[in-house]
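Chemist: Predicted model, plus sequence, below.
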Amino acid sequence: MNEMVQPDDVFNCDNGMAPTCAVEGATDTPVPIEGIRGRLTQDAPLAKYVWFKSGGHADWLFEPADVEDLKAFCERLDGNMPILTLGVGSNMIVRDGGVPGVVIKLGKEFSNVEITGPTTLKAGAAAPVSIVSRRAGKAGIDGLAFFTGIPGSVGGVTKMNGGCYGRETKDVLVDCDVVLPDGQFVKLSNADLQYSYRHSALPDGATVVEARFEGFPGDPETIRAEMDRISSERKESQPIGSMTGGSTFKNPPGHSSWKLVDAAGMRGFRHGGAQVSEKHANFLINTGNATSTEIEELGEMVREKVYAHSGLQLEWEIKRIGRP
Ligand SMILES: Cc1cc2nc3c(=O)[nH]c(=O)nc-3n(C[C@H](O)[C@H](O)[C@H](O)COP(=O)(O)OP(=O)(O)OC[C@H]3O[C@@H](n4cnc5c(N)ncnc54)[C@H](O)[C@@H]3O)c2cc1C
């Protein structure tokens, strides 16, 4: 029989030891914890983990101690609960009603970056891709400088096929290790992920734990200059210091979303505490105390205006998760 946790029980097992607290009693959403070394929290606030700094709680938040722990945890869930893995929340709205099931958040145990060959490297899924790009550049591995412009994690870009300046994750990712919702550990190749624009075929509920990348030989100084150029261009053109979620809508084929939003007169438009960025019309920002509902409603208002003005339906790029 699996042990059960009660509301508000928090297991902080950073020392790598198994939880010693024997927990009894049923809960609305029982979670088996026997043998689990990570940190498991019920009713965990998620706003602090996402760039918009808004939204509700996860029914359960699990921060695994390592890959084995994650596998064991998922096996014990037995496929009975929805699982969603958070990166650094730079492309996500967590709805105000919170997220059902288990949200997985990978910590520093999953953020190692290692050069593995003259043009190859591997990185844990929690590593920021800006660090991956810097490490590659220093080692004379070219082709990953575009990652400097993306504030996401390795797991996030692997799922989203993150890209900019004409390059995408699919151009540099070799393969990745993934824990499936039933705890199976699999290696998925670039081809398995069937990449297209800001989309992959990563199965629902799967967690990327590590990815391997390949670039091409380059000069560290030249790569650094390219990364500096990308960083300063981004500072000029995007509301980097704001509570935002990156590009709100995918670019329709042959069009730029920001131009369509601008042409529809929505730049700077406010709804409650949410606003279309004055700096970049395809970014929404939380001006202070916006709810996720206000942010999402603003996005829908923008879609309506753009459709009325141009006849084009914008498609959300930002992932919206949870209950309204
Ligand atoms: C200022 C700013 C600029 C941006 N510029 C760009 C840009 O130029 N190009 C671009 O492509 N994006 C850009 N983004 C968006 C964002 O950085 C990317 O989409 C990035 O890939 C998201 O990574 P994340 O770690 O924040 O993922 P999250 O926002 O946390 O999650 C995004 C999706 O990835 C999934 N996910 C995250 N980690 C994992 C994992 N380990 N395993 C499985 N699934 C996972 C989540 O479940 C979710 O579906 C920008 C965002 C901001 C705020």
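Modeler: Right, received. Where do you want to start? Note that the structure is a prediction, hence the values are computed from the model and not measured.
Chemist: Just give me the neighbour total for the closest residue to the ligand within the stretch 1-150 of the chain.
Modeler: Nearest to the ligand in the stretch 1-150 of the chain, going by Cβ to the nearest ligand atom, is residue 87, at a distance of 2.0 Å. Any C-beta I mention is one placed from the backbone N, CA and C, and that applies to glycine too. Per other Cβ atoms under 10 Å, the neighbour tally for residue 87 reads 28.
Chemist: what's it in contact with, if anything?
Modeler: 125-126, 152-153, 155-156, 159 (Cβ atoms under 8 Å, 6 or more residues apart in numbering).
Chemist: One more: residue 161?
Modeler: So residue 161 contacts 168-170, 193, 195-200 (Cβ under 8 Å, 6+ apart).
Chemist: And for residue 209?
Modeler: 67, 70, 106, 110, 124-125, 155, 176-179 are the contacts of residue 209 under Cβ under 8 Å, 6+ apart.
Chemist: how distant is the helix or strand containing it from the center of its chain?
Modeler: Here residue 209, judged by DSSP states H and E, is contained in strand 207-214. Mean C-alpha position of strand 207-214 versus that of the full chain (Cα atoms, centre = their mean, to the nearest Å) differs by 14 Å.
Chemist: quick one: it near the ligand?
Modeler: Yes - counting by Cβ under 6 Å from any ligand atom, the ligand is contacted by strand 207-214 at 207-208.
Chemist: What's the mean pLDDT across that strand?
Modeler: For strand 207-214, the mean pLDDT works out to 98.
Chemist: quick one on the thing from earlier: list, out of the contacts of residue 209, those positioned next to the ligand.
Modeler: Contacts with the ligand are made by 106, 125, 155 out of the contacts of residue 209, judged by Cβ under 6 Å from any ligand atom.
Chemist: Make JSON lines from these and add neighbour count to it.
Modeler: What follows is those, written out as JSON lines (neighbours: other Cβ atoms under 10 Å):
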{"residue": "106", "neighbour count": "27"}
{"residue": "125", "neighbour count": "26"}
{"residue": "155", "neighbour count": "29"}
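Chemist: Next, check those against the strands and list the overlap.
Modeler: Assigned to strands by DSSP state E, none of these qualify.
Chemist: circling back: let's see the ChimeraX selection covering just the buried ones among the contacts of residue 209.
Modeler: To isolate the buried members of those in ChimeraX, using 16 or more other Cβ atoms under 10 Å:
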select :67,70,106,110,124,125,155,176,177,178,179
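Chemist: if we can go back for a sec, and the contacts of residue 87, which two are furthest apart?
Modeler: Among the contacts of residue 87, the pair separated by the greatest distance (Cβ to Cβ) is 126 and 159, at 13.1 Å.
Chemist: Get me the contact residues on the stretch 101-250 of the chain for the ligand.
Modeler: 106, 125, 149-153, 155-157, 159-160, 162-164, 206-208, 238, 240, 244-247.
Chemist: Of these, which belong to strands?
Modeler: Filtering those for strands - DSSP E - leaves 163-164, 207-208, 244.
Chemist: Looking at those residues, which one is closest to residue 298?
Modeler: Residue 298 lies nearest to residue 244 out of those, by Cβ to Cβ, at 12.0 Å.
Chemist: In terms of pLDDT, where does that closest one sit?
Modeler: So, for residue 244, pLDDT stands at 97.
Chemist: check contacts around residue 159.
Modeler: So residue 159 contacts 87, 200, 202, 208 (Cβ under 8 Å, 6+ apart).
Chemist: how about a markdown table for those residues, with secondary structure added?
Modeler: Output for the contacts of residue 159, formatted as a markdown table (DSSP: H, G, I helix; E, B strand; the rest coil):
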| residue | secondary structure |
| --- | --- |
| 87 | coil |
| 200 | coil |
| 202 | coil |
| 208 | strand |
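Chemist: hmm, back to that, just the buried ones from the residues of the stretch 101-250 of the chain next to the ligand?
Modeler: 106, 125, 149-153, 155-157, 159-160, 162-163, 206-208, 238, 244-247.
Chemist: any idea how far the closest residue to residue 171 other than its chain neighbours is from residue 173?
Modeler: With sequence-adjacent residues excluded and distances taken as Cβ to Cβ, 6 or more residues apart in numbering, residue 171 is closest to residue 143, at 7.2 Å. To residue 173, residue 143 is 11 Å away according to Cβ to Cβ, to the nearest Å.
Chemist: now do the same end-to-end measure for stretch 313-324.
Modeler: Criterion Cα to Cα, to the nearest Å; first-to-last residue distance in stretch 313-324 is 22 Å.
Chemist: how about it, does it reach the ligand?
Modeler: Yes - against the ligand, stretch 313-324 shows contacts by Cβ under 6 Å from any ligand atom at residue 319.
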